[in-house]
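Peer 1: Let me see the structure of the following:
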Amino acid sequence: MGQAEAVITRLAGLDDIPAMIRISADVWDGEDYVPRVAKQWVCDPEGRFVVAECDGVVRGFGRLAMHTPTDGWLEGLRVDSSFRRHGVARVIARRLLEEAKHAAAKSLRFATSCDNIESIALNESLGFRRIAGLRYFFCDPEPLPAAVQAATSRANELAASSNARATEIEVERIHSPGPGDLFTLAIQGSATVAGARGMLPSGFVFHPASAHFIAEMAKRGCAFTAHDGDGRRAVLLMDTSSEMWPEAGEFVISVLEGDYALCWAVLSHAFSEMSGHGMRSVSGCVPCGGMVASMLTEIGFEMWHEDIPPDMPTVLLYEYLPELQGRI
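Peer 2: Sure thing, here's the model as predicted:
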């Protein structure tokens, strides 16, 4: 291939899905999630799914999702392995910036792995700047039962050793959190949301921490709160993974925060209840080196990129500088 000018971009169609599957076969050892969501992305009237062609053959693609009428999210940028380092990704990225401008997006963000050097270099050269970083943890189906049992044992141990009796700790599932209620305010005021610059992590996808998205996550996944007679509280919000089939049963921790003992109580309760509702694995982006990271490590969750120090992020959140929006 020659110059980047030979690359033509257009909106994706259903006929492009076989090419997307071919390109995705070389991503993440063939475990790329894009083939599972490609049809949904193509048919999304609020999004812009773009393919790049070279000599009439699809060699790359990427997507702009509009989480709100003004909040854009970039994801799924892929390039044929034999056409990388030829400017294809840059052409796709520029087309997505144009699509964001046409969609009247006032913010534009994306997340990537800390070791995705090519993506980081490309997007920083276009004007994106890192605004946050979190640590990714996961627990696969086989070790999950042991993790659930370990969480329950730890919660019971802390309850028994506290001054209050275990029966005084109450855990409640919140089915429909609303604007301004205690649960919603606790999530919005959490250290996780603050550290993610007002965003709710859901795996590698981040949503604005609005009451709307908190309610949506609670509906798709689950929301729990715990409190005791001394006024201590803890909250837990979990989503279902957008990168998996719905029936896969992967839950994603978004926010877990509050009193230490009550965090164990709410985590244990949620794990036990949701295991009976199809939960087969759990993952999540959590603040680096904090309480939640320590809790998940204690019950057997694995850290993605264990070679990286625990207080360093493995998932990076980027934002397109607002002052550059008018230059697109």
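Peer 1: dump the residue contacts of the closest residue to residue 278 other than its chain neighbours.
Peer 2: Among residues not flanking residue 278 along the chain, residue 249 sits closest, at 4.5 Å (C-beta to C-beta, 6 or more residues apart in numbering). Every C-beta, even on glycine, is put in place using the N, C-alpha and C of the backbone. Contact analysis of residue 249 by C-beta atoms under 8 Å, 6 or more residues apart in numbering lists 278, 279, 280, 281.
Peer 1: Check the spacing between the third one and residue 251 real quick.
Peer 2: Same thing as residue 280. 9 Å (C-beta to C-beta, to the nearest Å).
Peer 1: Mind checking which of these two has more residues around it?
Peer 2: Using other C-beta atoms under 10 Å, the more surrounded residue of residue 280 and residue 251 is residue 251, with 28 against 17.
Peer 1: Name the strands paired with the helix or strand harbouring that one and say parallel or antiparallel.
Peer 2: Taking DSSP states H and E as the definition, one finds residue 251 inside strand 250-258. According to DSSP bridges, strand 250-258 forms sheet pairs with strand 233-240 (antiparallel), strand 281-286 (parallel).
Peer 1: what mean pLDDT does the shortest one have?
Peer 2: Model confidence over strand 281-286, given as mean pLDDT, is 95.
Peer 1: Give me the contact list for it.
Peer 2: Contacts for strand 281-286 (C-beta under 8 Å, 6+ apart): 134-141, 144, 147, 192, 201, 203-204, 238, 241, 248-254, 256, 271, 292-293, 296, 301, 315.
Peer 1: Mean confidence (pLDDT) on the longest strand seen in the chain, please.
Peer 2: Taking DSSP state E as the criterion, the chain has its longest strand at strand 128-139. The pLDDT scores in strand 128-139 average 96.
Peer 1: quick one, the helix or strand following it and strand 250-258 angle?
Peer 2: Proceeding C-terminally, strand 128-139 gives way to helix 144-161 as the next helix or strand, assigned by DSSP H and E. Orientation of helix 144-161 against strand 250-258 (axes from the mean of the first three to the mean of the last three C-alpha atoms, to 10 degrees) gives an angle of 20 degrees.
Peer 1: Helix 144-161: how far from the chain's middle?
Peer 2: 26 Å (C-alpha atoms, centre = their mean, to the nearest Å).
Peer 1: again with stretch 206-214
Peer 2: 12 Å.
Peer 1: Also stretch 125-138?
Peer 2: 11 Å.
Peer 1: same check, this time on stretch 219-229
Peer 2: 20 Å.
Peer 1: what does stretch 126-141 give?
Peer 2: Worked out by C-alpha atoms, centre = their mean, stretch 126-141 lies 8 Å from the chain centre.
Peer 1: ditto for stretch 52-67
Peer 2: 22 Å.
Peer 1: burial count for residue 231?
Peer 2: 7.
Peer 1: and what of residue 30?
Peer 2: Count around residue 30 with other C-beta under 10 Å applied: 9.
Peer 1: which residues does it contact?
Peer 2: Applying C-beta under 8 Å, 6+ apart, the residues contacting residue 30 are residue 24.
Peer 1: Need the phi and psi values for it.
Peer 2: Per-residue torsions, residue 30: phi 80, psi 10 (degrees, to the nearest 10).
Peer 1: ditto for the one 4 residues further on
Peer 2: Reported as degrees, to the nearest 10, the phi and psi values for residue 34 are phi -60, psi -40.
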